[in-house]
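A.B. asks: sharing a sequence plus its predicted fold:
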Amino acid sequence: MRHGGRRARGGAIAIAVAIAGLLLPARGAEVQAQARTMHVIQVPQRLSDWLLAHPLPPQADPLALGWRSRGEVPGQAGRQQALVAGLKGRWSGLAGVLADMPATGRVLLPHMDPRWLQANPAADPVLKAGDLMDVPDRRSDVVVLQSTGHLCRVPHRSDVRVLDYLQACGDGGRPDTAWLVQPDGRVMTQGTARWNEAPGVPPAPGAWIWAPTPDDAVPHHLSHAIAAFLATQGPAPLQTPWSYGRPLGPSSGDAGSMRQPAPLPVIANDWGMAGLLQTPTARMRPAGAAGVTVSRVEPYTTLHARLQPFDWLELAFGYLSVSDRRYGTQALAGDQSYKDKSAHIKVRLLEESGWWPQVALGWRDVLGTGVFSGEYVVASKRWGPWDVSAGLGFGYVGGRGDVRNPLGLLSDRFDARPAAGSRSGGSFNTRSYFRGPVAFFGGVQYQTPSPRWVLKLEVEGNDYRRDFAGRPIRQKTPVNVGVVYRPNDWLDVTLGLERGNMPMLALSAQTQLDGLQVPKYLDPRPLPVAPQPPPAAGDPARTARDIEAQTGQAVRSIDARGSAWTVTLAEPRIGYLRPVVDRVAEVVHRDAPAGIDRIELRLDQHGTHVAQAAVDRRAWVREKTELVPPHEQVAAVVNEAPSPGASGERLHERVPPRWSVGVGLNYRQNLGGPDAFLLFQLAADVDAALRLRHDTWLAGTLRVGLVDNYDKFKYTADSQLPRVRTYVREYLVTSRTTVPTLQLTHLGSAGSEHFYLAYGGLLEPMFAGVGGEYLYRPVGSRWAFGIDVNAVRQRDFDQKFSLRDYRVTTGHATAYWDTGLADVLLKLSAGQYLAGDRGVTVDVSRIFDNGVSMGAYATRTDVSAERFGEGSFDKGVYVNIPFDAMLPRSGGSSARITYAPLIRDGGARLNRRYELYELTGLRGPRSLTPD
Amino acid sequence: MAAGMAAGMAAIVMSMGGCASDQQAAFASARDLLRPGRAMDGVPLDPALRYLRVTTNGKPALLVLGYVDPDLHGRPVEVWYSAHREVVRLRQGRLAGTAGVPVEWRSVTSPADLPAWAGIAGPHQYERLRDEMPGYRVGLRDRVTVRPIEVVRDSGLQGVAPEALRWFEEVTERGQPPRARYGVRITPSGEVPVYGEQCLAPRFCMTWQAWPPVPVAQAS
């Protein structure tokens, strides 16, 4: 334990009260002197040391403390000039005021607690001689910068919103967006109009607000730049020009009592999409949202999962059960109720703004045969707690047929909607889209003053007389009402009355998958990083041992080559790479002598150099031991092509064990079959691998079923194609103990960008054979190209070692394109599938910063929809979640949930255990994110 | 799907990337979920250090005393550090600041004449000033009433009989932040705050306790 006495005030000259001024509160309040003190740093020192040596006076504002780095001034001055140039002309007054402000060199700091900074040196900057520490007094006002350049001061109140300050200074115009610059330099944007208002933090005393009205027509990028520049200023200066805003009235003194506007609740409707009850709205959740909705209104029960891969695209898919209609014959499905697969899509066409509503175009039951299919265009406009929607429905959504189809003015063929239903279903019924009579629908959602309660009222456009129910449905009125209870931010419970005579209950749960992140508190404690390297090299064996303990990865070797140490990890199982790089660098920096200025982390897969991260030791150490001002920041870690084989000194080597064994769980379920809605199995997997050479290994899995309900599994679907997948029942129920895979694999590379894989054995649960794959993938490239060819034979149902007669050669050429646009990864494959059909598979996914991806795939082959059978073509959606995003311990696994609406034989691909694109995943342009 | 086409079956496959051995992280996390703090309980304590057992929303961690700094009135403020470099400050056993945690109390001040625990025989009111982040709630003034209460048996106190402590509660005029409770060992030779609990926000509650627990006989 140390006792922190006050230190001598060395190293800084306190130029006390360098700047002072007077603040004259509105309406004749007493004169109050306020000041800010600038301290000139004389001797380089840590910010934490400076803070401990200079206890703040009681009147100082710790939030507004500012470090002004001399080195930052030129860059900030350049940005200031560009900003002023951009504003000249229409906003010359504003440009002039901004031009008169100094380029301060202020650097945004994460914290000003010296004891916290001492424990977090990466956030603790080293102040240089000539830098300034700005110690302002806590202000008693908030300053609104107006588009004229005028500064309007309003006495601070803890219980009012940004909008209240704007109104105190304004002339009646209401801005759409405000940029709030807090005294610590953080910039926040807040919606301030009735259509976009949302809860926000209050301005702290000394904050700036910049909020041009729509009439000011200041482009957003300039507003961002203005806010960023104000963030360098610290609390507003006390000199003129300024004016006083209208007073805000007496304060309650409680920031917790601030009148916060309610956020716009986006709640699922009965169909799992954002909407009211039966009807959709144009609303969308933020990209990354996912959820599940269950609803019940006699005779329908729905179960839908929904995904929001982009801000403008909402998808939902699932099942609808019709309780008064049988699934099929008694012999086929017993008493099970009818199930209808459904998928819905909604695309935002226009984003809401001050005058314009949000507009969306949607398809309900888009892949169905028409029983519940419908289309719509809908607009939504918000006014504070009220959100009004109105739309035009086609098909099921507009079944009431109030009016003639307006598209009929263009062509008579829009007046009639082709009869519902095709033999196979599952295809896009483009011939019926937006055809037939239409009906208006719409409604209103009201957010009550209590954030937990939302009211809904709507007029729907459906005509239940033609519904697909066992018994006729009587609709007393098209007006539906509902109340939503929101006990927390992930669950909505809706209770409603629909058709005027039928109660409705819905439960909807949601989360933001793109926001998943968990502190890794179960990981080993990181090693401290000393600012200086050790005087002599440590024991490399200890280095390797500690790297393994820190990362959970196996160290193959450590080599010294020139001024670099290279650590090679064998068969790494890595989720997020950057934390692993840091852990390795921490150990190597502890042990590598001063002459080593580069640390290479090479990632090998079975002897093949797949990827490499290079650490600039000096830059990395600085990044870890001090807060580096922006103008001195350099990339400390880069992804690069692996260096050639070690030609230096081998410091440590460990041959990986020939055997490895692991145990895990496997869960799979099949939904919607005639035997039972849910068929599932939980199994234990034992993985084993035997390394034969450094580049060749034998690996397999033994699976033992633990729990299942496969005793109910009786139905085998028919097929007009070779039955490569529709024997799924036979494969699942024949044997409880199976060998899903057992294959010999050889991995190699030719040069640093070409990889190949050769394999043979039991390749997947249904097929055995031999095959090979080639992949061209430059490091860091957004493009890759691969080919795989496989000669396979169908396995027996017991999934042991015997084979059936069916043989096929299957393989694909695949192009991979990480587009760099909206985080989209595109995979395009063409080739021959397991049933001998030939065609193309398109796989599109959105990969979020935390590694979570949402994707969909579809395959069209030369098999007709009729021969393919139900579903018409193979397709599915999936979500992939790295364990690193949701577990408190690092690991290389990910959870993948794939929903394939139908298991058919057409368009079926071999499920290869190893794919080069995955094995070389750490070469990709995203490998070092998230950091 | 058409009526009468009742043959199709969807597959929802939940799979783990990689092989079974990759699931160690999942198993470790599941173990932690079932028995939180198991790893912490096994940590050998260094007799040269002082420890504080802190729970945040029920999740325990051991903190180590780093400094004792004087406050504006010269009273000692203990500065405790977690393994994840968070900071908790205690003054007379009361929360005097947090840093690096989801809800931070900063610049917490209380009057110089705040009585010692042993001197609180009935309700006593004082004013506490603080800033709260990340909500930029600055200059908050809490009118706090501290009073002795009956022995508390539903606290997070570990390894010490609640009867061995004298208990106090602090409530604020507005009810925010919620009530805090303290267990203090008061002996003829002085007073030692042993336990405290405070919700900093509706969904962020902390307890803290001097660690390891000291048996009554040893303490007296």
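C.D. replies: Received it, and whenever you're ready, just let me know what you need.
A.B. asks: can you name the residue of the stretch 801-931 of chain A nearest to chain B?
C.D. replies: Residue nearest to chain B within the stretch 801-931 of chain A: A:Gly891 (2.7 Å; C-beta to the nearest C-beta). In short, each C-beta sits where N, CA and C put it, glycine included.
A.B. asks: neighbours of A:Thr859, just the number please.
C.D. replies: Neighbourhood size, A:Thr859 [other C-beta atoms under 10 Å in any protein chain shown]: 22.
A.B. asks: these two touch, right, it and A:Gly871?
C.D. replies: No. Using C-beta atoms under 8 Å, A:Thr859 is not in contact with A:Gly871, being 10.9 Å away.
A.B. asks: residues contacting A:Arg259?
C.D. replies: A:159-161 (C-beta atoms under 8 Å, 6 or more residues apart in numbering or on different chains).
A.B. asks: now with 10 Å?
C.D. replies: Neighbouring residues of A:Arg259 by C-beta atoms under 10 Å, 6 or more residues apart in numbering or on different chains: A:159-161, A:163-164.
A.B. asks: do A:Pro528 as well
C.D. replies: By C-beta under 10 Å, 6+ apart, the residues touching A:Pro528 are A:121, A:586, A:590, A:624-625.
A.B. asks: any idea which element it lies in?
C.D. replies: Counting by DSSP states H and E, no helix or strand carries A:Pro528.
A.B. asks: start to end distance for stretch B:183-197?
C.D. replies: 9 Å (C-alpha to C-alpha, to the nearest Å).
A.B. asks: pLDDT averaged over that stretch - what is it?
C.D. replies: Mean pLDDT, stretch B:183-197: 94.
A.B. asks: how far does that stretch sit from the chain's center?
C.D. replies: Distance of stretch B:183-197 from the chain centroid (C-alpha atoms, centre = their mean, to the nearest Å) equals 17 Å.
A.B. asks: one more: stretch A:448-468?
C.D. replies: 30 Å.
A.B. asks: which neighbours do A:Thr859 and A:Gly871 have in common?
C.D. replies: With C-beta under 10 Å, 6+ apart, A:Thr859 and A:Gly871 have common neighbours A:906-907.
A.B. asks: would you verify that A:Pro572 is located in a strand?
C.D. replies: No. Under DSSP: H, G, I helix; E, B strand; the rest coil, A:Pro572 sits outside any strand and is assigned coil.
A.B. asks: show me the shaky parts of chain A.
C.D. replies: A:1-34, A:171-172, A:238-247, A:249-258, A:332-333, A:368-370, A:420-428, A:645-646 (pLDDT under 70).
A.B. asks: surely A:Trp697 and A:Gln743 touch.
C.D. replies: Yes. Applying C-beta atoms under 10 Å, one finds A:Trp697 in contact with A:Gln743, separated by 9.3 Å.
A.B. asks: on that earlier part again, so for the residue of the stretch 801-931 of chain A closest to chain B, what's the nearest residue that isn't a sequence neighbour?
C.D. replies: In space, and not counting its chain neighbours, A:Gly891 is closest to B:Ala25: 2.7 Å by C-beta to C-beta, 6 or more residues apart in numbering or on different chains.
A.B. asks: thinking again about what came up before, distance of the residue of the stretch 801-931 of chain A closest to chain B from A:Gly907?
C.D. replies: From A:Gly891 across to A:Gly907, the span is 33 Å (C-beta to C-beta, to the nearest Å).
A.B. asks: equivalent analysis for B:Ala164, please.
C.D. replies: Distance of B:Ala164 to A:Gly907, given as C-beta to C-beta: 72 Å.
A.B. asks: between these two, who's got more neighbours?
C.D. replies: Neighbour totals were compared for B:Ala164 and A:Gly907, and A:Gly907 leads with 25 against 18 (other C-beta under 10 Å).
A.B. asks: quick one, helices of chain A?
C.D. replies: For chain A, applying DSSP state H gives helices covering A:47-53, A:73-87, A:92-100, A:114-119, A:162-169, A:220-230, A:330-333, A:540-551, A:577-591, A:617-625, A:728-733, A:865-868, A:916-919.
A.B. asks: a markdown table for those, including mean neighbour count?
C.D. replies: Listed next are these as a markdown table, based on neighbours: other C-beta atoms under 10 Å in any protein chain shown:
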| stretch | mean neighbour count |
| --- | --- |
| helix A:47-53 | 21 |
| helix A:73-87 | 16 |
| helix A:92-100 | 17 |
| helix A:114-119 | 23 |
| helix A:162-169 | 23 |
| helix A:220-230 | 18 |
| helix A:330-333 | 14 |
| helix A:540-551 | 19 |
| helix A:577-591 | 23 |
| helix A:617-625 | 19 |
| helix A:728-733 | 19 |
| helix A:865-868 | 18 |
| helix A:916-919 | 18 |
